[in-house]
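>>> model this:
(one chain, ligands or ions: 2)
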Amino acid sequence: MAASWHKQASPFPMVDMEAAWRQVLDESERMAQWLSGASRECALNECPSGSTLAESVVAPFAMPPFAASVKDGYAVRVADAVRGRQLTVVGRSMAGSAHVELVQLGTCVYVATGAPIPDGAEAVLPVEEVLQMEAEGRSAVRIIRVDRDAPLSVGHEVRAAGADVQAGETVLAAGARIGPSERGILATFGVRRVRVRAWPRVAVLSTGNELVEAGDAHSELAPGQVYDSNRPMLLAALQQLLPTGGEVLDLGIASDAEAAARIERALDEGGDGVQVLVVSGGVSMGESDLVKPTLQRLGRMHFGRLMMKPGKPMSFITSRVEQRPPWMAFAMPGNPVSAAVCYQLLVAPALRVAGGMPRAHALPLRVVASLAHPVQCDAERPEFQRAQLALRRRDGDGGAAADASVWDASCCEVTATVTGRQASSRLQSMYGANALVYIPQGGGRLPLGTPVLALVLHTDTGGGAVKASAPGVPDGAASCC
Ligand SMILES: Nc1nc2c(c(=O)[nH]1)N[C@H]1C(S)=C(S)[C@@H](COP(=O)(O)OP(=O)(O)OC[C@H]3O[C@@H](n4cnc5c(N)ncnc54)[C@H](O)[C@@H]3O)O[C@H]1N2
Ligand code: MOO
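Numbers count the residues shown, from 1 in each chain. Ligands and ions are numbered 1, 2, ... in the order given. Down below sits the predicted model:
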C-alpha cells in the first residue's frame, strides 16, 4: 500500500464560553437533582459552614415580634407632643420587659431602644426632645416637659411588629449557602434544625511523566522534570469551596501510562467512585495525551476544546445518561494558568450548582472596568487575562492614579491592571489577581481606558479537608504527609 501524508487535526470543535457554561451547568443541575436524595438534617450549631440549604426557610413569627422603640425616649400619645407640655412618667419599658403600664393622655412611659411600645402609646419622643428635672437621677424621672416644635406623627421612632420580616415570609431560599449572615438569620428566628444538601465527592489527579511531588524532602528534580503545582493549587481551591467537613480526594500523580487505569478506577469503584473528577495534563495533541480518549470511552464528551485562552484543550465529559451513579470529569490542560483559569470559570461554578446553589450565583460576577494600560489582543482566541481591579481617581489627562480615599463616585472608576506576562505557564500571573478580564479576539491593541468586562474571582470560605487517595486507589499514588 502506498504511504500517504496526513495532517493531524483535533477532532473536537471549539465551543465558546457561553455554550460551555450552558452544558456544564445543565449537567451540574442534573447531578444536583441526583444528590438531592442524600440531603440531611442537622442542628443549626453543627451545620457545616458553606453548606447549601435543601429547603427554603420561612419566618415562623414576625420580626420584630412586637412594636419596638427605635430610640431611647418616651412613649407618648401624639396629641401630647406640644412644646412645654408636662407628662407624668408612669413606667419604664426596658429590653426584655413583658408588661408595661398603659399610656394615656398626659402620661408617658420611658422606653429603651428595642423595648416594647406600651399599649396606648402612638409614638416615641427621643430623650433629646424632652426636658427633665436637673436634680433627678436618670431612673427616677417622674415628670418630663416636651421640648419639640414639629408635630409628632403616629408611629414616629416605632418599629412596627413585622416591619423587618412578616410571619410566613421566606427568609432564606433553597440553595442559599450558609455563611455568617445566613447563620445569623437562622438564629434570629430560633431555627434549631435545617436540611442541607449533599455535595458531590470530588477528586484531583495530575498526569504527566515529568511531574514530581512538591514539598517532599526526597524529591529532587532530574533533567526534564517539574514539580506538580496544579494539584496543590486545585486541592487548596477545593478545600475553600467545599463546606466544612467536605472532603476532596487527592489521587496523586499518575504517569502518562498509568493515567487511563487510574481515571477508570476513580470513576468506577463499584458505584463508590468519585462524582467529580478534576484531572490536569495530557489533553492536547501529543502522542501520550490519553486522558481525553479514556474519558470519551467511559462516558459522553460534551466538548473537547474551548474557544478561549488559556485553556483551549479543556474538555468536559460526563457519565452516559443511563449510568448510575452519575459523574462529571473536567480534563484540564496541564499548563498551570490554564488549569487555574478553567477551574475558576468552569469547575467551581459546576460544583456550586451540583451542591445546590442556583446557577446565577455560581458564576463569577461580571463588572465593567477600564484598562489601566494598553493590551494586545490574541488574533485567534478571546483571552481571559489575569488582572487586579482597583478603584482609581480619574486624573486630569485621562489616566488613573491610585487613591484609596476616594468617596465621590463621579470622579473615580474601576481600572484593570494586568498581572504581567500572560503566558499559560506563568502561575505568577494569578498572584494578586482578583479578576479575569475578557479581551476579545482580534489582531489589534486595546488602548488605555478601553472598557472591558472583568469576571470577579470568588472568595470561597468553606472549610473542606484533603483526604489522601480514594478507596481502591493504591496508597503510593497519593501524596503523603
Ligand atoms: N500541536 C499542538 N500542541 C498543543 C496545542 C495544540 O493545539 N496543538 N495546544 C496547546 C495548549 S493551548 C495547551 S494549554 C497545552 C495543554 O497541554 P496538555 O494538557 O497536554 O498538558 P501537558 O502537555 O501535560 O503539559 C503542558 C505543560 O504544563 C506542565 N504541567 C502539566 N501538568 C502540570 C502540573 N500538574 N504541574 C505543573 N506543571 C504541569 C507540563 O510540564 C508542560 O510544560 O498544549 C499545547 N500544545
Ligand atoms: O490554551 Mo493554552 O491553555 O494556550 O495555554
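>>> Could you check which residue of the stretch 201-350 of the chain lies nearest ligand 1?
residue 334 (2.5 Å; Cβ to the nearest ligand atom). No exception for glycine: its C-beta is placed from N, CA and C like everyone else's.
>>> so residue 203 touches residue 263, yeah?
No: between residue 203 and residue 263 there is no contact under Cβ atoms under 8 Å: 9.7 Å.
>>> Find the residues that touch each one of those two.
In terms of Cβ atoms under 8 Å, 6 or more residues apart in numbering, residue 203 and residue 263 are both contacted by the residues residue 277.
>>> that older thread, show me the contacts for the residue of the stretch 201-350 of the chain closest to ligand 1.
Counting by Cβ under 8 Å, 6+ apart, residue 334 has contacts 207, 208, 230, 280, 281, 282, 283.
>>> and the gap between the nearest residue to the second one once chain neighbours are set aside and residue 35?
What it means is residue 208. Spatially, and ignoring its direct neighbours in sequence, residue 208 is nearest to residue 281 (4.3 Å; Cβ to Cβ, 6 or more residues apart in numbering). Per Cβ to Cβ, to the nearest Å, residue 281 is found 28 Å from residue 35.
>>> More neighbours: the two, which one.
Applying other Cβ atoms under 10 Å to residue 281 and residue 35 shows that residue 281 carries more neighbours, namely 28 against 21.
>>> picking up where we left off before, for the residue nearest to residue 208, which residues are in contact?
Residue 281 neighbours (Cβ under 8 Å, 6+ apart): 206, 207, 208, 211, 230, 291, 333, 334.
>>> shouldn't the second one be in contact with residue 256?
In other words, residue 207. Yes: using Cβ under 8 Å, residue 207 is in contact with residue 256, at 6.4 Å.
>>> Overlap in contacts, the two.
Contacts common to residue 207 and residue 256, judged by Cβ under 8 Å, 6+ apart, are residue 282.
>>> Those two: which is more packed in?
Taking other Cβ under 10 Å, residue 207 and residue 256 do not tie; residue 207 has more neighbours (29 against 19).
>>> what pairs with the more buried one across the strands?
Counting by DSSP bridges, residue 207 forms beta bridges with residue 254.
>>> and the gap between it and residue 227?
Distance from residue 207 to residue 227, by Cβ to Cβ: 15 Å.
>>> Next, the contact list for the residue of the stretch 1-150 of the chain found nearest ligand 2, please.
Distances between the stretch 1-150 of the chain and ligand 2 by Cβ to the nearest ligand atom are smallest at residue 14, namely 10.4 Å. By Cβ under 8 Å, 6+ apart, the contact set of residue 14 is 305, 306, 307, 312.
>>> Start from the N-terminal end of the protein and give the helices.
Taking DSSP state H as the criterion, the chain carries its helices at 17-35, 180-188, 230-241, 256-267, 291-298, 336-342, 348-354, 359-362.
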